[in-house]
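Chemist: compute the structure for the input listed below.
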Amino acid sequence: MEQILLKSNVLDMQKEFDSIAKDMQSPSIPFKSSIDDAIKPYGVNPAAIANSTKIAANEATMLEKRDLATRFLSLHQKAVEAITVEDINTEIARFYFRAYQLQSAEINIKSVANTIDNKSPSEEYLPFIESGIERFDSLVEESITDAYRMVTNVLKNFKSKVSNLKELSKNFLSKIKDTFNNTKDAVITLKQKLVIAFNDVIDYFTQIFSQLIAIMFSFMGLINKISKSKGFRFKDANISFEPPSIETMSIFGFSIPFPKVSLPKLDISLDLQADVKENADENKVMNLPFKEFEKYLQIAKNSYDHIESINNYDKALEIDPTNTEILNYKGVRLNKVEKYDDAIKCFNRALEINPFDASIWKNKGNVSFNLKNYGDALKFYNKALEIKPDYKNALKEKDKVINILGKISKFENEEQYGDSW
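Modeler: Have a look, this model is predicted:
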């Protein structure tokens, strides 16, 4: 009976999450109902919802939708209160499964590439190629939507590129048997388009893998916070991913860099039993760090006084010193009060913990820009765009740097060569 009640509560939380997500209608993470995920292996659990609400609240804050961010954070609190050690272990297992799905997807798309590159491919290969592309597409989509609970903009673009690849593959094989000159020209053109299509798909695939890593880093930070708030005998939690190694494959004589997906490596020292307190007053003390943390965080985010905000971020970091989001927020505030060295230290510390967060790289670039270290600023903006190519703020700041560097170059040339330049 208790298990049925717990499952009902979790489903209610998931419905609430879907309702808020639908209201948000974010261009980068549009609504996707995930209630059906409750019947999948492992099922939806409070740990998954807690991580999803944390990510969604940050997205809502970036979109300046504070009311929705507040609703996500309220739901986040409910999920955190319901989490057990078993939920944490289950969600960790799911991260392994998601990484395995991406590995399987990688194998499928490489098989398609090898088949298309065959010396004499024909239409009889088409069912194999189509099924390989569809399997690749579905594995990637399932992995990332299960992790986010929402559809990301990168995934939307990825799916359109996959559809393009599938259509081009079909056209290529339908023309390859014809030996007329005009058809030969068409096949050559299709070969070139296929190479471009593969490049596009693999580029987005690499970005999606980076997203999964970022989500997992977020979850490890959440484990840290939850363990302290619930009184678990928490020791340490570390995560490491080997960056996708690149295996160059040749298609029609063109080299395409294929990433080789690695499984995450986790090192978690977390006792399976919580410390038992004998009375209600002591149980309240167990939850004090988490409540204090949330209080400091809200004051810091909502304050128009940068110094007050920084002081409250410091208090939150005393409770959760490895929280990259707070380090990032604090760095932004430090930049605003021109404490550039301290801001860089914040961003560097955050990047040591999670080097796959594009916003941290972008904010570090903003500090370099303010210091007029334009070369460094450009490097950091490019790093942010490697992780998130459609990052509008990073693109905007990069254009500003390029414009300034262009003017500097022109001025130096005029100084050197005078009016004759």
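Chemist: so after the helix or strand hosting G365, what's the next helix or strand?
Modeler: Here G365 is covered by helix 358-370, with elements defined by DSSP states H and E. Using DSSP H and E, the next helix or strand after helix 358-370 towards the C-terminus is helix 374-387.
Chemist: counting contacts, what elements does that following helix pack onto?
Modeler: In terms of contacts (3 or more CB pairs under 8 Å, 6 or more residues apart in numbering; DSSP states H and E), helix 374-387 is packed against helix 358-370, helix 392-417. For glycine as for every other residue, the C-beta is placed from the backbone atoms N, C-alpha and C.
Chemist: run the chain-centre distance for the host helix or strand of L212.
Modeler: Per DSSP H and E, L212 falls inside helix 181-230. Centroid separation for helix 181-230 versus its chain: 11 Å, with CA atoms, centre = their mean, to the nearest Å.
Chemist: so which helix or strand of this structure has the lowest pLDDT on average?
Modeler: Ranked by mean pLDDT, DSSP states H and E, the weakest helix or strand in the chain is strand 265-274, scoring a mean of 50.
Chemist: nearest residue to K78 other than its sequence neighbours?
Modeler: M13 (6.0 Å; CB to CB, 6 or more residues apart in numbering).
Chemist: quick one: average pLDDT of the strand or helix carrying that neighbour?
Modeler: For M13, the host element (DSSP H and E) is helix 2-24. Helix 2-24 shows an average pLDDT of 70 in the prediction.
Chemist: deepest-packed of the helices and strands packed on helix 374-387, please.
Modeler: Of the helices and strands packed on helix 374-387, the one with the most neighbours on average (mean count of other CB atoms under 10 Å) is helix 358-370, at a mean of 23.
Chemist: in CSV, list the C-alpha atoms belonging to it.
Modeler: Taking Å, rounded to 0.1, in the frame of the first residue of the first chain, the C-alpha atoms of helix 358-370 are listed here in CSV:
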residue,chain,number,x,y,z
ALA,A,358,28.8,26.7,-21.9
SER,A,359,27.5,29.6,-19.7
ILE,A,360,30.6,29.4,-17.5
TRP,A,361,32.9,29.7,-20.5
LYS,A,362,30.8,32.6,-21.9
ASN,A,363,30.9,34.4,-18.5
LYS,A,364,34.6,33.9,-18.2
GLY,A,365,34.9,35.4,-21.7
ASN,A,366,32.9,38.5,-20.4
VAL,A,367,35.5,39.1,-17.7
SER,A,368,38.4,38.9,-20.3
PHE,A,369,36.4,41.3,-22.5
ASN,A,370,36.1,43.8,-19.6
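Chemist: contacts for that helix?
Modeler: 62, 324, 327-328, 331-332, 335, 338, 340, 343-344, 347-348, 350-351, 354, 374, 376-381, 383-385, 387-388, 391, 393-394, 397, 400-401 (CB atoms under 8 Å, 6 or more residues apart in numbering).
Chemist: check for me that P257 belongs to a helix.
Modeler: No - under DSSP: H, G, I helix; E, B strand; the rest coil, P257 sits outside any helix and is assigned strand.
Chemist: is it bridged to anything, and to what?
Modeler: Applying DSSP bridges to P257 gives these bridge partners: T248.
Chemist: am I right that it is in contact with T248?
Modeler: Yes - if you go by CB atoms under 8 Å, P257 and T248 touch, sitting 5.6 Å apart.
Chemist: would you single out the least confident of the helices and strands packed on helix 374-387?
Modeler: When mean pLDDT is averaged over each of the helices and strands packed on helix 374-387, helix 392-417 scores lowest at a mean of 76.
Chemist: list the contacts of S104.
Modeler: Counted by CB under 8 Å, 6+ apart, S104 has contacts 135, 139.
Chemist: measure R135 to E142 for me?
Modeler: Distance from R135 to E142, counting by CB to CB, to the nearest Å: 11 Å.
Chemist: before we move on, the earlier item: more neighbours, P257 and T248?
Modeler: More crowded of P257 and T248, by other CB atoms under 10 Å: P257, with 13 against 8.
Chemist: residues in contact with the more buried one?
Modeler: Counting by CB under 8 Å, 6+ apart, P257 has contacts 202, 246-248.
Chemist: can you lay out those residues as JSON lines showing distance to F172?
Modeler: What follows is these, written out as JSON lines (distance: CB to CB, whole Å):
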{"residue": "I202", "distance to F172": "18"}
{"residue": "I246", "distance to F172": "25"}
{"residue": "E247", "distance to F172": "23"}
{"residue": "T248", "distance to F172": "22"}
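Chemist: which of these sits closest to P127?
Modeler: Using CB to CB, I202 comes nearest to P127 of the contacts of P257, at 22.8 Å.
Chemist: now for the closest residue to the closest one other than its chain neighbours, how many residues are close by?
Modeler: Take I202 and drop its neighbours on the chain: the residue closest to it by CB to CB, 6+ apart is F258, 5.9 Å away. Neighbour count of F258, defined by other CB under 10 Å: 20.
Chemist: so F258 sits right up against T248, yeah?
Modeler: Yes - if you go by CB under 8 Å, F258 and T248 touch, sitting 7.3 Å apart.
Chemist: just to check, I109 is in contact with F205?
Modeler: Yes - with contact defined as CB under 8 Å, I109 and F205 form a contacting pair (7.4 Å).
Chemist: what is in contact with these two at once?
Modeler: When contacts are counted by CB under 8 Å, 6+ apart, I109 and F205 have no shared neighbour.
Chemist: and Y381, what's its pLDDT?
Modeler: Reading off the model, Y381 has pLDDT 92.
Chemist: residues contacting it?
Modeler: 361-362, 365, 394, 397-398, 401.
Chemist: need those in CSV (columns: distance to I215).
Modeler: As requested, these are exported to CSV (distance: CB to CB, whole Å):
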residue, distance to I215
W361, 17
K362, 19
G365, 23
A394, 20
E397, 25
K398, 25
V401, 30
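Chemist: widest-spaced pair of the residues you listed?
Modeler: By the measure CB to CB, W361 and V401 form the most distant pair in those, at 13.5 Å.
Chemist: distance of H76 from F347?
Modeler: For H76, the distance to F347 - CB to CB - is 25 Å.
Chemist: for L63, same thing?
Modeler: 22 Å.
Chemist: and those two? Which one has more around it.
Modeler: Using other CB under 10 Å as the criterion, L63 and F347 rank with F347 on top: 28 against 16.
Chemist: in which helix or strand does that one reside?
Modeler: Per DSSP H and E, the secondary structure element for F347 is helix 340-353.
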